[in-house]
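>>> My questions are about this predicted structure, shown below with the sequence.
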Amino acid sequence: MESKKQETLVRGPWHEEEDERLVKFVTLLGERRWDSLATVSGLKRSGKSCRLRWMNYLNPKLKHGPMSSEEVRIILQLHALWGNKWSKIARRLPGRTDNEIKNYWRTHFRKKEEAQNCDKIIDWRGNKGEELFHKYKETEIMRTKVTSQEHGFDETVKESNQRTMESGQETNGGICETESFGIMNSPYENRISDWISEISTDQSEANVSEGSSSENNINNASWWFQETRDFEEFSCSLWS
DNA sequence: AATGGCCCCAACCGCCGTTTC
DNA sequence: AGAAACGGCGGTTGGGGCCAT
């Protein structure tokens, strides 16, 4: 039974229609119970796969674009503090995913660290690579002093930023300011927004236009949907 | 123009902790 | 209380695209 279910699952890259459908159902049902969502949506994907696609790509809160030097600085500092705790680091970088940060780190820093044994880094982006990496190593040393993780992070970064300011180097004064990063208004985000507005303005159309299986899926969804929360609440939790 | 190597990143895997029944 | 389902996490892989030759 389980193996038969596995056989029918689609794997590999997502197609546009799948993305649209996933966005539609996440908007409707919320970011939870991914297995149920996968079943109900009619997507031949595992719940895990749906969750991953949403979390790493489709979520409109995500930024899509190159890392800013400020983000890179934060990644370096936090990696020095926490090591490969990508999800933890990602929580400090609104709009960035653990996967993205992990990939970024591996691409830009891991080899350099290995190759140069932490002593020096080439100017990887034609701007403050060496300075950033120096700060990273500084912070890494400071990590050894940290006893409480959460407390340690806050205090260490404050100290680090304080020192940076005192030495007259450029800073924005702290990690909290990443909250103010703007979401890039890419064509991609516009498309997502379009899909979402389509959903919220014409949900009934989905029942009619998407064929009988989808109709059943949406009908199946409604009972579960009503059991949990109303649409307003979902909207708030998702998009605010 | 062909091709081989490298880089980047989306997606998958396996494990583990948490939640639900 | 315990089993099953679910969700989160870090590591790994595979393929597409770019670039040098």
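Arrived safely, thanks for sending.

>>> Going by C-alpha atoms from here, please, whenever you check contacts or count neighbours.
Noted.

>>> for residue A:25, helix, strand, or coil?
The three-state label given to residue A:25 by DSSP: H, G, I helix; E, B strand; the rest coil is helix.

>>> residues near it, how many?
By other C-alpha atoms under 10 Å, 20 other residues sit near residue A:25.

>>> and it, what does it touch?
A:37, A:41 (C-alpha atoms under 8 Å, 6 or more residues apart in numbering).

>>> For the helix or strand encompassing residue A:73, name the packing helices and strands.
Taking DSSP states H and E as the criterion, residue A:73 maps to helix A:69-82. Helix A:69-82 sits against helix A:86-91, helix A:129-143, helix A:149-166, with contacts defined as 3 or more C-alpha pairs under 8 Å, 6 or more residues apart in numbering; DSSP states H and E.

>>> Let me see the domain layout of chain A.
Domains of chain A are assigned by automatic domain parsing as A:2-62+A:186-239, A:69-180.

>>> picking that back up, which one of the helices and strands packed on helix A:69-82 has the lowest average pLDDT?
Per-stretch mean pLDDT for the helices and strands packed on helix A:69-82 is lowest at helix A:149-166 (a mean of 40).

>>> What residues does chain A have near DNA strand B?
By C-alpha under 7 Å from any atom of the strand, the residues of chain A that approach DNA strand B are A:10-14, A:49, A:52-53, A:56-57, A:66, A:99-100, A:103-104, A:107-108.

>>> Low-confidence ranges, chain A, go.
In the predicted model, chain A carries pLDDT under 70 at residues A:1-7, A:110-240.
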